[in-house]
Structures are given as C-alpha cells and as structure tokens.
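**Q** Just to be clear, the model below is a prediction. Sequence and coordinates:
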2 protein chains.
Amino acid sequence: MQKKNAKLIKQINKRLVLKCIRDDEPISRADIAKKIRISRPTVSTLVNQLIEDEWVNEVGQGDSTASGGRKPINLMFNPKKYYIIGVDIGGTNVSVGMTDLNGEILSYDEFPTPQNTTDELFEKLQSTVEQMIKKKSIPQFKIFGMGVGVPGITNVQDGFVYDAPALGWQNYPVKKELEKYFDFPFYIDNDVNVGVLGEHWKGKGKDKKNIIYIAIGTGIGSGIIINNELYRGTNYSAGEMGHMVTDRLHAKDFQPTYSGYGFLESIAGGSAIGQMMTERINKKVHAKEVFNMYQEGSGDAKEVVNFAIENLALGIANYISLLNPEIIILGGGVSGAYPIIKNQINDILKRYTPQSCELAQTAFGKEAGVVGAAALFLKEHDSILNI
Amino acid sequence: MQKKNAKLIKQINKRLVLKCIRDDEPISRADIAKKIRISRPTVSTLVNQLIEDEWVNEVGQGDSTASGGRKPINLMFNPKKYYIIGVDIGGTNVSVGMTDLNGEILSYDEFPTPQNTTDELFEKLQSTVEQMIKKKSIPQFKIFGMGVGVPGITNVQDGFVYDAPALGWQNYPVKKELEKYFDFPFYIDNDVNVGVLGEHWKGKGKDKKNIIYIAIGTGIGSGIIINNELYRGTNYSAGEMGHMVTDRLHAKDFQPTYSGYGFLESIAGGSAIGQMMTERINKKVHAKEVFNMYQEGSGDAKEVVNFAIENLALGIANYISLLNPEIIILGGGVSGAYPIIKNQINDILKRYTPQSCELAQTAFGKEAGVVGAAALFLKEHDSILNI
DNA sequence: GTTTTAGTTAATTAAATTTACTTACAAACC
DNA sequence: GGTTTGTAAGTAAATTTAATTAACTAAAAC
C-alpha cells in the first residue's frame, strides 16, 4: 500500500493538476488553482515539476480579462511524453499499433494469426513491434508500455487465459510467455474489456460513467464500465452476454456447439445467423451475406435476421433493465448491419425496458482493438497519468 | 471537495486506524502500526484522539509474546458511541428500529402504513421514533442519524421518489417532507438497495465484493453491490429485474397490469403466482398458499410454481451471466419458499450460466429493512466511520 | 497612474517520520 | 529468590515534507 504521508498528498495533487490540464487545456496556473481549489503557489510548484518532467508544455500567453491584469501563460499536456503499443490478438488477425498519450494512432500494422505455435505468434509480434518503434525512430525509453487484448476469459492478476477457443488456449500463461519477449510493462485483458475501455477513452462512451460495449462477432460478448471503472466480475467473467436466455422454450433444445458456448450467441451470433441461413438454402453463407440478402428482400433472410435480432434485442433489453447504463455501444463484425437492425432493436427496447438508454454503433474501425489496448495500459499502469 | 492537505492525510489515517480496530479488535497500538504500516507514534496520537472522542476504548492488557516484552493494551471499537434509526416504509407496514454502530438491534417496532395521507404516515413515524429514543433513554446527541427505505425508484441526490405504486407516490419529494419531522441527518433509498446494503453489512453478503440481492414479493426487484459499492444505475433504476424477458413468445402477449410493471414479475412475482392459481381453481389464493398446495402434491400448484420458478431461475441465470457476482441472495415474501424451489433454480443455473455462483436465502427476518436502512446511513453519512 | 490579474517568494503551519527514550514483562542466571 | 538480559509497547523530541497565507513583483487594461 501507498505510504500515507505528505508525499501521497503531493502525488494526489500532481495528478489532479495534470488531469485538469488534460481536461481543460489550454489553461493557466491561476485557473488551475481556481478550478481544483489548491493555492496558487502549490499549483506553480507542481506545474513547474510537470514541465521539468515534460508532461506539460508552456505554449504562449493567453488573453487578459477585460478588466486588465497580467496575461496568463497557457499550459498544454504533452501527448508525446511517451508512446503506447496496443495489440489485439484475434483468431484470424493480430493488430498492432502505436498511439501517443492522447490515443492518436501513429502507426498501424496487422498480420494473420500464426496457427501453429504460440512461439511463432509471439516472435512475429515482437518483430512487428520492434520494426514499428524503429521506423518511427522512437527511443526505447519513450515506450511507456503495451496493452494486449485476447479473445478469452483472462485472469488479469496472474496473467492466465482460462479459455480462448479462437486461439486454442486453455489455462495458458500469457503473461509469463510475453515477458520473454518484451521488457517494458504490459497488461493483458479480454478483448471485450479492451473494447469497452477504448470506447470509454476515445469512442462513443467518452464522458460517460456507465457503459456497455457489446461485441457481436462469431459469438456475443460484452464489456462493462460502471462508475468509470471496468467491471470484470468475481472470476473475470462478467459480461458473458452470449449465455443469456431470452427464449425459455427454445432454450430447452439448446445444445452448446462446444463447451463454453452460450444460448444467445447460438441463435443471434454471427456464425448462428450464417448457419441458420445455410440450413435454409442449402448453401454455405456468412452473416454478412445474410444481411445483404435481407436488404435485397429475401424472405428467408428476413425470417432468419428477425429471429436473431429479436433475441439479441431482448438480451440488450435485459441488460438495460439490470444495469440502467448511459449508453450501449454495438461493435464486432455484425455491428456493421447496425443501420439495418437498429429500428427493430429500439422498438423492442422501448417495449420492455423501464428506462430508455442510448444505443449506438461503435465509431472505430479495425483500429478499435489498438486504441482499447492502449487505454488498458493507461488504466492499469500506475503513473502520474491515469485515465 | 475535500481540501487536499495535511488534514486530509490525518483524516484518512484516522479512518484507517478505526477501520483496523473494527476489523481486528481487540488489537494493540503496536499491531495497528504493523498492520497498516504507519509509524507507532502516529498510531498512538490517532488512537488517543479516537479514545478522547469515545470511538474507541482501552479494554485491559493482552499477553506478551513468548519471548517477553511489555504487555500490549487492547483496544476495542465502541459501538455505543452513536445510535442509528432504521426505517422501512412498506405498502402495508412501516418498520422502525434502532441499532448501535455494530448493527445490533436495540429496539424494534412496526405499525400499519396509514393509507390516507402521507402527513399521517410521517407523524406516526415521528412519534414512534421519539418514543423509541425516550424509552431507551438515549440522549438526543447520541442519535447519529436515520436511514429510510421506500418501495420505489428514488433519486437519492434530490430526495424525490419517482414512482412508488405501493404508496401512491409519484415524483414525491420525500426528503423535503421528512426534513419537517426530523432534525438529525437522514438518507433515503429504494428498499432493494437498502436490502443489499443490509446483506453486505451484516447478512449473507458480509466480506463479499459483488452481491446481488433479489427481493421477490408482489413484484421482483433487486439491488446490486459491485466492488463493495452500491450501484444505483444512471437514473437510479438499476436492478429492475422484474422487467427482464426470459420467454420471447410469452412476452409478446404481455400487457403490464399497470404502468411500470415488468414481464418477469408478471409471471414469476408473488401476486402472479397467486393469480395464476386463482384462475385455475376459481378461488382467490395467495402465493404462500400456492406453495403449501405444492407441498401437498397439488398438480395445479406444481404447474404454476414450476412455470414461475423456471422463469425466475432464467432471470437469475441471466444476472449471473452478465455480472458474475460472488453471491445471489434471495429475499422478500416468496423467498420463504426457498427450500422448496432452490433445487429447481440451481439445476437451471447449472445448465445456463458460464460460471457457478453461490445462491442463498436471506438470514434476516422482518428486521431486514431496519438493518439495511442503518447500513444506508453509515454508507452515505460522511464521518470518520464508514462501512 | 490606478486597478487588476498572473505568478513567485518567504514565513508559517500541520502532520507525518525517524531516532531515542521509558516502561514493562519473560526467562535465564547466580 | 533476587538480578540480569533481551524484547516489545508505547512516548517524546527533532526532523522532514508539503501544504497554506501573506506579501511581493510583473504585466496588462483603461
């Protein structure tokens, strides 16, 4: 635990000052003092130390007030103090990116997930990261650290992944393995948790306290932010929306495709939509094509999509009834169909939820995982800067 | 906001010391210093102030260690420093109680909820509280404050109750009204939130971080504790489990009995169980009687109960899938039937949830609301003592 | 030139820590 | 049985850290 003495106070205040500058830049020392109600001399001392450490820059003078007085010196946060590596390990692709401290992506790259050994995966990851740093001529000490998203339930404490079917990992010690390849600090978490952190930091969930991020891809998963904090659950398995039951009778016939596959994802997930259509028309199709056929007016596609989306919407409605979030953000492959499905979902939400809730589609593209992973690093890493 | 200076440190440390004594009493100054890693002189100063203020008592000497040394002076928390009034306003009864700071109930009383005017209710409440204090000869300054539970969505900030059908309140300014009758500090909240706070403080949820308390009475509601904090939701309406949909097809026919009545409670709540049976046997019965008939082997009762409990269990399963809590505690009138229904529920949980979760029945009797309301006060009231 | 605001310097204050002390006890030793 | 030795609890004094307040300088508007 932190020593509970004067140094703690200083640290708290320094963080407060930095946060204030990040939130309200450009801002003067005097305004910071007013805003966070710390005396002007204290603010000056702290700001000067932040400048010394290159967290903050002076960026010229502001304007005096109408009634006169000395012009303030404007201060700005320096987002280039450090850089962060964000990694999203998916079943088919691995995305790697570098962001500054404001979440701006400076470099992005991806490669197909090596399917043979994890060693191969990590070696490729290491070389990609190293090349990225080299190409941008970033000195090693400027790399703050790395965040990593993996598609499975992750114990962020001991760094084990319980189960990641897309990677074939079971009780796999990712943290220990990654330590062999990287010597800066890193943090690992579930891809949906990474997703919701990204939305909270730079996406549709910005400035919101209670956020649900639902990823509808092959399966259905979700990440939860409550009171501005990621909620992981008692055993790191909160947000397993794919296991929800929205249709009592239908659920009785349900047999999981494989262990760990839930009811809702088995009827409303991407592969389920593709499979249901495949069975109807005797031709292998994917979810994306089903939505295309839906728009072209196919009756079969309409029935398949309506059934899936009705259940998905009930799942979302249940989420809202239980958690009363500020916003629900849809992501993952199927969320591309958002314009098509949003009305149906909203109708069901209106009917069944006690409180209305904003529904939105993620604004991120393929770089979502990178931004989220960077957010993960900044949330978890103990420094003056915390988001 | 708190002034961020040395005084804050002192307050933090004082709270830490008090918490340490409450958690590990009896304990010596030296052991406190070791445990919370603050220097012995600082602990001594703080302890002496706590003794001065009667938060803590010295209670004789402990034993020396085998290797000798001066005997430690044992310290104990003084639960009689203040007393708390707990109030549970229900549709039919109002419970009033007084507890000490350890949650021990020193006095309990109840009266039927006056059905005419709220003035009548509050006057009766005032006189009951005053008599209770008088009877126990507690001086006024020893009353720390009061917690109040009400059966409806409550904005705890401005003290308005949006909707409490059982009391006929709509957008009712409870806080403002109660201020006319009581001059000690008080806090108001939803009865299920009060319920979960009570369970967290003194009930089955003690020492657990993530708790769901489900009250199954006339309707179905729930309270959520996440990371040791009550989660109220964005608009104070988190935990509206009664609105969950567990049966897609059945829900299509659903028409709320009155505005604000949800699907799940309309098929699995206490009045629903009574009503479904009433329709079958053409005789007015209540849920409790239905469970009696169930035990006596009635086929009708069996069908009614199974249907209701199956849906309730699916609702609980969905809760677990989303929140992965440490424990789910069942309370409210219908929870009396827990021994009858627990197996059916557990079977469904096992089938549909990705993670197992402890299921328990509340250990509180009629005094649950009083303990919870006292917990509410201690959670909300800003003092050295926080639970 | 007066007023006003930004930012700094110096003195003061609060509360922690460290170091050194006293008090008190257990066990071993003569 | 009395005395010595080692250990632990608790306290007093000196030191340190970082805040605040009060007083100052700098610079701008009118």
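**A** Received, thanks.
**Q** Only C-alpha atoms from now on, for both contacts and neighbour counts.
**A** OK.
**Q** could you pull out the helices for the stretch 201-350 of chain A?
**A** A:248-252, A:263-268, A:270-281, A:287-295, A:299-323, A:338-352 (DSSP state H, counting those that start in this stretch).
**Q** Tell me which of these is the most buried.
**A** helix A:263-268 (a mean of 27; mean count of other C-alpha atoms under 10 Å in any protein chain shown).
**Q** hang on, A:S266 packs against A:P256?
**A** Yes - counting by C-alpha atoms under 8 Å, A:S266 does reach A:P256; the two are 7.5 Å apart.
**Q** Nearest to the spatial middle of chain A, which residue is it?
**A** The structure's chain A has its C-alpha centroid closest to A:G195; by C-alpha atoms, centre = their mean the separation is 2.4 Å.
**Q** Restrict the lowest-mean-pLDDT helix or strand in chain A to CA atoms and write it as PDB.
**A** Counting by mean pLDDT, DSSP states H and E, chain A has its least confident helix or strand at strand A:56-61, which shows a mean of 86. Provided in PDB are the C-alpha atoms of strand A:56-61 (Å, rounded to 0.1, in the frame of the first residue of the first chain):
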ATOM      1  CA  VAL A  56       3.400  19.600 -19.700                       C
ATOM      2  CA  ASN A  57       4.500  22.500 -22.000                       C
ATOM      3  CA  GLU A  58       4.100  26.200 -21.800                       C
ATOM      4  CA  VAL A  59       2.500  27.300 -25.100                       C
ATOM      5  CA  GLY A  60       2.500  31.100 -25.100                       C
ATOM      6  CA  GLN A  61       0.300  33.600 -23.500                       C
END
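**Q** Sheet partners, orientation included, of it?
**A** Sheet pairing for strand A:56-61, assigned by DSSP bridges, gives strand A:73-77 (antiparallel).
**Q** A:G90 reaches A:A166, doesn't it?
**A** Yes - A:G90 lies in contact with A:A166 (C-alpha under 8 Å); the separation is 7.4 Å.
**Q** Between these two, which contacts overlap?
**A** Shared contacts of A:G90 and A:A166 (C-alpha atoms under 8 Å, 6 or more residues apart in numbering or on different chains): A:P151.
**Q** Settle it for me: which of the two has more neighbours?
**A** A:G90 (19 against 15; other C-alpha atoms under 10 Å in any protein chain shown).
**Q** now that one: how far from A:L167?
**A** A:G90 sits 8 Å away from A:L167, taking C-alpha to C-alpha, to the nearest Å as the criterion.
**Q** Return every residue with contacts to both of those two.
**A** Residues touching both A:G90 and A:L167 (C-alpha under 8 Å, 6+ apart): A:P151.
**Q** List, one by one, the residues from chain A near DNA strand D.
**A** A:6-7, A:9-11, A:13-14, A:37-42, A:45-46, A:64-71 (C-alpha under 7 Å from any atom of the strand).
**Q** hmm, which of those residues are the buried ones?
**A** Among the residues of chain A next to DNA strand D, the ones that count as buried by 16 or more other C-alpha atoms under 10 Å in any protein chain shown are A:9-10, A:13-14, A:38, A:46.
**Q** ok, and for stretch A:70-89, which residues are buried?
**A** Buried residues in stretch A:70-89 (16+ other C-alpha under 10 Å): A:72-79, A:82-89.
**Q** quick one, helices of the stretch 51-200 of chain A?
**A** A:118-135, A:174-179, A:191-202.
**Q** which residue does the stretch 251-387 of chain A bring closest to DNA strand C?
**A** Nearest residue of the stretch 251-387 of chain A to DNA strand C: A:I384, at 20.4 Å (C-alpha to the nearest atom of the strand).
**Q** Please name the residues that touch A:Y172.
**A** Taking C-alpha under 8 Å, 6+ apart, one finds A:160-163 in contact with A:Y172.
**Q** any idea how far DNA strand C is from it?
**A** With distances taken as C-alpha to the nearest atom of the strand, to the nearest Å, A:Y172 is found 40 Å from DNA strand C.
**Q** Show me what that residue bridges to in the sheet.
**A** A:V161.
**Q** Alright, calling it a day.
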